[in-house]
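K.L.:
Pasting a predicted model and its sequence here:
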Amino acid sequence: MRNALLWLCLSALACLPVARSTFAADMPPLDLIDSNVRDTAYTAHVRIDSVESKAKDATHASGGYVTFHVHATVLETFRGAARPQVDYFETHDAPSAGPQPGSDIVVSLDKLDDGNYAVPDNGYVFPATPTVLQRARRAAKASSRKH
């Protein structure tokens with residue numbers, strides 16, 4: 001029993017570097033945060049509250065794109081006016097499960113001509129890890145000194 005438990009723990013530890021490297025491969029380069037904060041209308045650390053798909057079934061759509069309407073609570077603002085909540089649109093290649101409610105992310109948004117916010121493209125959404133948050137805070141300070 002003790003050997004089985006030890007084997008299970010060692011197996012789990014062996015998987016951590018794989019999981020970490022897979023996550024890192026999916027994350028855009030950190031240096032994008034600097035230009036995102038500088039060049040977009042709004043950047044914040046948010047928690048996604050709910051997501052509405054503009055397609056009937058975004059997870060089974062074939063080809064093209066699907067747009068999601070995201071409702072999020074703002075935890076920290078790095079650029080733009082501070083607000084308690086933000087709604088924005090995010091477009092993915094179809095099929096897509098879309099942004100996940102409960103996710104903590106750092107997102108940079110452009111303001112559209114109609115006044116709505118939208119994620120401009122790939123590389124504007126990061127998981128809100130301590131490293132990403134520190135980089136966003138540093139970019140916000142650097143950006144505010146230039147204005």
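P.N.:
Nice, I can see it.

K.L.:
all helices of this structure, in order?
P.N.:
2-26, 32-39, 130-146 (DSSP state H).

K.L.:
Determine which of those shows the lowest mean per-residue pLDDT.
P.N.:
Of all the helices of the chain, the minimum mean pLDDT falls on helix 2-26 (a mean of 42).

K.L.:
What separation is there between the residue most central in space within the chain and Ser53?
P.N.:
Central residue of the chain (Cα atoms, centre = their mean): Val125, 3.2 Å from the mean position. Val125 is 17 Å from Ser53, where distance means Cβ to Cβ, to the nearest Å. From N, CA and C alone the C-beta is placed, and that goes for glycine too.

K.L.:
same check, this time on Pro120
P.N.:
Taken as Cβ to Cβ, the span from Pro120 to Ser53 is 20 Å.

K.L.:
for Thr129, same thing?
P.N.:
27 Å.

K.L.:
ok so, going back, tell me the pLDDT of the closest residue to the residue nearest to the centre of the chain other than its chain neighbours.
P.N.:
Counting by Cβ to Cβ, 6 or more residues apart in numbering, Val125 lies nearest to Val107, which is 5.1 Å off, once chain neighbours are set aside. Note on Val107: pLDDT of 98.

K.L.:
Bridge partners for Val107, pull those for me.
P.N.:
Using DSSP bridges, the beta-bridge partners of Val107 come out as Ala44, Val125.

K.L.:
Nice, that's everything, thank you.
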